[in-house]
Every structure is written in C-alpha cells, then in structure tokens.
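Q: all I have is the shape, not the residue letters:
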C-alpha cells in the first residue's frame, strides 16, 4: 500500500465555496477507481487556524493504481484548475480502516521529519502502536507511513466528529469519501 497527498494553498481571500462545490459535484468520480482503497477530499478554511487548503489524501492498494490516476484525466483536470502540485507519497507501516469509513467528516494529518540515524524498527513499532491506539479511540481510518527520500513520517486519521485541536496536526473537513465496496 502507498499513501499519497497533494495540497493546494489558496489565497486568503479565495472563495472556498468553489472548492466545496467542486468536491460535491466531482467527488463521486473516484468512487470506483481501480486500486483505490480510499480518497478523502479534504479542505481547510483560513478561519479555522489554517491557510485555505484543498488537499486530497489517498490510500492506494499498489503503486500502479496511483500511477494510473496521476496519468489520467482526473489529475489533469485538478492540475489545470489549481496548478501543478508536488505529490507526496509514503509507504505504509500500518493502515486500518473500518467498514463505516464513509461516515468520516474530519481528518487529521501530521508530517514530521525523521532524524538521521533514528532506529527505524523502533520508530515503526511506536508508530504502529500509536496508529492502533487511534483506531481503538474511534478513528474510522488510521495510518502511519514513511518516505526515505526526505526522511519524513506521516500520521493520518479519519474521524466522525471534529477532534480536539492537536499541536502539530493539520485538521481538515472531509467533503467526500471515495471508498470502493469491500
């Protein structure tokens, strides 16, 4: 499995209703995308302690599915509408999603650097335990992964209710969940 996210930082005076309407009108288009385990259509409004953001987050079954999406018309359309984004990817140490993942209304995401010479096996154990604890605390989906190019760690959670603000975590609203049937 591979996690993927790109993010568009929009101007402070950007009408976020445009993003919300786009999600409502087009979100269903990835509902049955081959190899997609889920896509969370995420946004954050400047008034909520964040920049104006449109930042979809994906969990892919395998890299070929991700490649098919990035080479396809959906990604071309979003790139033409908002610009050519950097696409971040992480291989997973842990992923869990509940059957009711489609009920997610909020997401939290943290990206942190991994210090040089960190014992990766120990870090992986800690992150898997933290991810499992989030699942037990009610997260509808939770994952932990890393990328060894820039050495970063991602923690991602989907929630039914808005979580308490957590320092270092970006909080998003979920406008749509594309989740193929299991």
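A: Cool, the structure landed. Because the structure is a prediction, the values reported are computed rather than measured.
Q: CA atoms for contacts and neighbours, from now on please.
A: Noted.
Q: tell me how far residue 90 lies from residue 138.
A: Look at residue 90 and residue 138: by CA to CA, to the nearest Å, they are 23 Å apart.
Q: any stretches of this structure with poor pLDDT?
A: Along the chain, segments meeting pLDDT under 70 span 48-49, 182.
Q: higher neighbour count, residue 90 and residue 138?
A: Between residue 90 and residue 138, counting by other CA atoms under 10 Å, residue 90 is the more crowded of the two (21 against 15).
Q: quick check: the residue positioned nearest the centre of the chain vs residue 32, distance?
A: Residue closest to the average C-alpha location in the chain (CA atoms, centre = their mean): residue 57, at 2.6 Å. From residue 57 over to residue 32 the distance is 16 Å, taken as CA to CA.
Q: and residue 54, how many neighbours?
A: 23.
Q: isn't it right next to residue 44, touching?
A: Yes. Under the criterion of CA atoms under 8 Å, residue 54 makes contact with residue 44 at 6.8 Å.
Q: which residues are contacting the helix or strand hosting residue 37?
A: Per DSSP states H and E, residue 37 falls inside strand 36-44. Contacts to strand 36-44, defined as CA atoms under 8 Å, 6 or more residues apart in numbering, come from residues 19-20, 23, 27, 30, 50-61, 65-66, 107, 171-180.
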